[in-house]
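Asker: Model the following, please.
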Amino acid sequence: MPIITVSRMYGSGGSEVAALVSAALGWTLLDNALVEAVAERLGVSAAEVSAREERVPSLAERVAETLALGSPELLTPMSNTVIQPTEDRLLEVTRRVVADAAARGPAVIVGRGAQMMLAERDALHVFCVAPFEDLVARARTRTRPGERRRPERIVEETNRHREQYVERHWGRSWRAAENYHVAVNTGWLGVDGAAALVEQAARRRFGL
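Answerer: Below you'll find the predicted structure:
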């Protein structure tokens, strides 16, 4: 089944590009739906999965995870609070959801290391980028009320987490050109222009 993976710098509008491409092709879109599927299989909320995806746990989180595995009674209160899935478990389930989606296809899969998970597959791997000032401008429109971090810091931290996530689990550079077939600059092309270019590339690659 034909598959498109869309990796994206935070603030590039990559999710919007993926949505437009999936709509134009009539393919399944896995973005928030992927998070929900992983959460359902793990028995936790989508918000909990979303908060931990595409990032490497901090030292404190890794220590807590190790303690929970060794002595769960130390971290589990009397209220029977569910212990959060480990980093490895989260990745394992994400792999399964991505593999299932790829088997059913055709689909457009957003982020979550899908370009690495499906690196050996006949897929179209896309990377959405933009100049830093454009990333910050888009991040500013998405900043939640009460968020104390400046948009510049959100962009830097989120993209750093995505870099570390790919490096930790696949030993590859997230930004490396060899990971992708197409890179689109949404700061130059706009979201609509980038989506049109990706759609054209997909039709050519898959003979649509």
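Asker: residue ranges of the helices in the chain, please?
Answerer: Using DSSP state H, the helices of the chain run over residues 14-25, 32-42, 46-52, 59-70, 87-104, 114-117, 132-142, 151-170, 186-206.
Asker: Could you point out which of those helices sits nearest residue 126?
Answerer: Ranking those by their distance to residue 126 (criterion: Cβ to Cβ) puts helix 186-206 first, at 5.4 Å. To be clear about C-beta, it is placed using only N, CA and C from the backbone, and glycine gets the same treatment.
Asker: mean confidence score for that closest one?
Answerer: In this model, helix 186-206 has a mean pLDDT of 96.
Asker: if we can go back for a sec, so of the helices of the chain, which one's packed in deepest?
Answerer: Comparing the helices of the chain by mean neighbour count (mean count of other Cβ atoms under 10 Å), helix 114-117 ranks first with a mean of 24.
Asker: Distance from it to the middle of the chain?
Answerer: 10 Å (Cα atoms, centre = their mean, to the nearest Å).
Asker: Okay, now the unreliable bits of this structure?
Answerer: Applying pLDDT under 70 to the chain flags residues 52-84.
Asker: what do you get if the cut-off is 80, keeping everything else the same?
Answerer: The chain contains residues with pLDDT under 80 at 44, 46, 48-87, 143-148.
Asker: ok, back up a step: let me have the helices of the chain in JSON lines, extended by distance to residue 125.
Answerer: Output for the helices of the chain, formatted as JSON lines (distance: least, Cβ to Cβ, whole Å):
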{"stretch": "helix 14-25", "distance to residue 125": "12"}
{"stretch": "helix 32-42", "distance to residue 125": "16"}
{"stretch": "helix 46-52", "distance to residue 125": "23"}
{"stretch": "helix 59-70", "distance to residue 125": "29"}
{"stretch": "helix 87-104", "distance to residue 125": "12"}
{"stretch": "helix 114-117", "distance to residue 125": "4"}
{"stretch": "helix 132-142", "distance to residue 125": "20"}
{"stretch": "helix 151-170", "distance to residue 125": "12"}
{"stretch": "helix 186-206", "distance to residue 125": "10"}
